[in-house]
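**Student:** need coordinates for the following:
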Amino acid sequence: MQKNDIFVPINTINCMKNKFTIIVPVYNEEENLERVETELSNYLKVAAVPSSVLFVNDGSQDTSQAIIEEICKRNGDFEFILFKENRGLSAAIKAGFDHVESELVGYIDSDLQTAPEDFNLLLEHIDSYELVTGVRANRKDSFVKNMSSKIANGIRRTFTHDGMDDTGCPLKVIKTEYAKRIPMFRGLHRFLPAMIMLQNGRILQIPVQHFPRMAGTAKFGVWNRLLGPLMDCFAYLWMKKKYINYSIEKSSKQSLI
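**Tutor:** Numbering: from 1, shown residues only. Modelled structure (predicted):
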């Protein structure tokens, strides 16, 4: 399947002037997007490094795309790409990784249950690590959602030994060269730390704020928080067995520099 069969780039992604690109996956989030614009615009003013925003519209069926285009017209540091059809959160994140050109890449959910300003907490440590992820402190979700996530994280840790307490936290910073080498598969958003470890990268988790969802509806239920991660763990084990990791010591191109 070719890229153009999955999504259509609308704007030219130009992140060369920025060190950090924030990916915002979007699927039917029309009620949240103006708040996303406000919060991320405010964050860009205080970001620890020059930053920009990339919306990845995962085939929304509401008015999200029209709102996104208006936001990008108003803000020079906001860009977007639009999928032709819904492909899921993992595809949206991977598409963002593939398109950015900045040194660092991260993502945050469009429901803004985490705070953009906490990116600065993660950026403090990224020089020493290849991935820094948030851990949602004092989660503001329902008991059922919290328990299903806790069980799912326990299952994943058993399979991956990544030591991460909350890979579902939608606040991460990754060195882009590592992010681009992550292979595409459903459920990859649950395995980002493990996939960095397969590349011999270093990972760290930092406590971040968490808030209740203020608008819109959650896209994941109890079953796809439990059954999905279990099935994805078997896929990860297969990938880990087959994964090829290499490093280049010298090339002719380097010799010419």
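
**Student:** next helix or strand past the helix or strand of the chain with the lowest mean pLDDT?
**Tutor:** Least confident helix or strand, the chain: strand 7-9 with a mean of 47, by mean pLDDT, DSSP states H and E. Scanning forward in sequence from strand 7-9 by DSSP states H and E, the next helix or strand is strand 20-26.

**Student:** for that next one, give the mean pLDDT please.
**Tutor:** On average, the pLDDT along strand 20-26 is 97.

**Student:** repeat for stretch 189-198
**Tutor:** In the prediction, stretch 189-198 has an average pLDDT of 86.

**Student:** could you give me the buried positions within stretch 91-100?
**Tutor:** Neighbour-count burial for stretch 91-100, counted by 16 or more other C-beta atoms under 10 Å, picks out 91-97, 99-100. All C-beta spots, glycine's among them, are computed from the backbone N, C-alpha and C.

**Student:** over to stretch 97-114?
**Tutor:** Buried residues in stretch 97-114 (16+ other C-beta under 10 Å): 97, 99-100, 102, 104-114.

**Student:** what do you get for stretch 172-192?
**Tutor:** Buried residues in stretch 172-192 (16+ other C-beta under 10 Å): 172-176, 178-179, 182, 185, 187-192.

**Student:** which of these fall in helices?
**Tutor:** Of those, the ones assigned to helices by DSSP state H are 176, 178-179, 192.

**Student:** dump the residues you listed to a markdown table, plus distance to Leu198.
**Tutor:** Output for these, formatted as a markdown table (distance: C-beta to C-beta, whole Å):
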| residue | distance to Leu198 |
| --- | --- |
| Thr176 | 17 |
| Tyr178 | 10 |
| Ala179 | 13 |
| Leu192 | 11 |
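
**Student:** from those, which has minimum pLDDT?
**Tutor:** Within the set of these, pLDDT is lowest for Leu192 (89).

**Student:** Ile174 is in contact with that one, correct?
**Tutor:** Yes. Between Leu192 and Ile174 there is a contact under C-beta atoms under 8 Å: 7.0 Å.

**Student:** and for the two, which residues touch both?
**Tutor:** Common neighbours of Leu192 and Ile174 (criterion: C-beta atoms under 8 Å, 6 or more residues apart in numbering): Leu131.

**Student:** so how far is stretch 28-35 from its chain's centroid?
**Tutor:** Chain-centre distance of stretch 28-35: 18 Å, with C-alpha atoms, centre = their mean, to the nearest Å.

**Student:** could you do stretch 95-112 as well?
**Tutor:** With C-alpha atoms, centre = their mean, you get 6 Å for stretch 95-112.

**Student:** now do the same contact list for the nearest residue to Pro25 once chain neighbours are set aside.
**Tutor:** Residue nearest to Pro25 in three dimensions, not counting chain neighbours: Ala92, with 3.8 Å by C-beta to C-beta, 6 or more residues apart in numbering. The neighbours of Ala92, taking C-beta under 8 Å, 6+ apart as the test, are 23, 25-27, 56, 58, 83.

**Student:** let's see that with 7 Å instead.
**Tutor:** For Ala92, the contacting residues are 25, 56, 58, by C-beta atoms under 7 Å, 6 or more residues apart in numbering.
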